[in-house]
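*Asks:* need a 3D model of the following:
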Amino acid sequence: MKALRKGTIELTEKNKKWYNLPGYEMTGETLTLGNENENTTYVVFKGTWTRYGTVRDCGDHYIEAKYSSYDRIDKETLEITKDVEDE
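*Replies:* From the prediction side, this is the model:
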């Protein structure tokens with residue numbers, strides 16, 4: 001799996017309601033992870049920790065929460081570092 005691209009999502013009331021996670025705020029960014037054949041686009045959130053199945057904005061990087069681990073994704077290069085702490 002690799003980070004394929006960054007994108008945006010409108011911060012409309014409809015989107016805020018649909019992607020509502022108590023204690024989290026949508027950043028207006030999306031991040032697509034996967035490969036050429038299969039990929040998933042995540043809405044990026046800000047919060048105090050990363051919930052399973054989400055991507056959190058941590059300043060200079062993102063954290064993706066998977067089932068039993070976290071991956072760090074550099075914002076500039078989109079390089080992924082596997083099995084990191086959620087910080």
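
*Asks:* report the central residue of the chain.
*Replies:* Nearest residue to the geometric centre of the chain (Cα atoms, centre = their mean): residue 55, 2.2 Å.

*Asks:* state the number of residues packed around the residue nearest to it when sequence neighbours are not counted.
*Replies:* Spatial nearest neighbour of residue 55, chain neighbours left out: residue 42 (4.2 Å); criterion: Cβ to Cβ, 6 or more residues apart in numbering. C-beta coordinates here come from the backbone N, C-alpha and C atoms, glycine included. Residues near residue 42, counting by other Cβ atoms under 10 Å, number 17.

*Asks:* got a pLDDT number for residue 42?
*Replies:* Per-residue pLDDT puts residue 42 at 91.

*Asks:* and it, bridged to which residues?
*Replies:* Residues in a beta bridge with residue 42, per DSSP bridges, are residue 31.

*Asks:* residues in contact with it?
*Replies:* 30, 31, 32, 33, 54, 55, 64 (Cβ atoms under 8 Å, 6 or more residues apart in numbering).

*Asks:* list the buried residues of stretch 70-83.
*Replies:* 70, 71, 72, 73, 75, 78, 80 (16 or more other Cβ atoms under 10 Å).

*Asks:* try stretch 22-39
*Replies:* Quick answer for stretch 22-39 (16+ other Cβ under 10 Å): 24, 26, 27, 29, 30, 31, 33.

*Asks:* average pLDDT across that stretch?
*Replies:* Computed over stretch 22-39, the average pLDDT equals 87.

*Asks:* and stretch 57-67, by the same measure?
*Replies:* 93.

*Asks:* ends of it, how far apart?
*Replies:* 19 Å (Cα to Cα, to the nearest Å).

*Asks:* sweet, I'm off.
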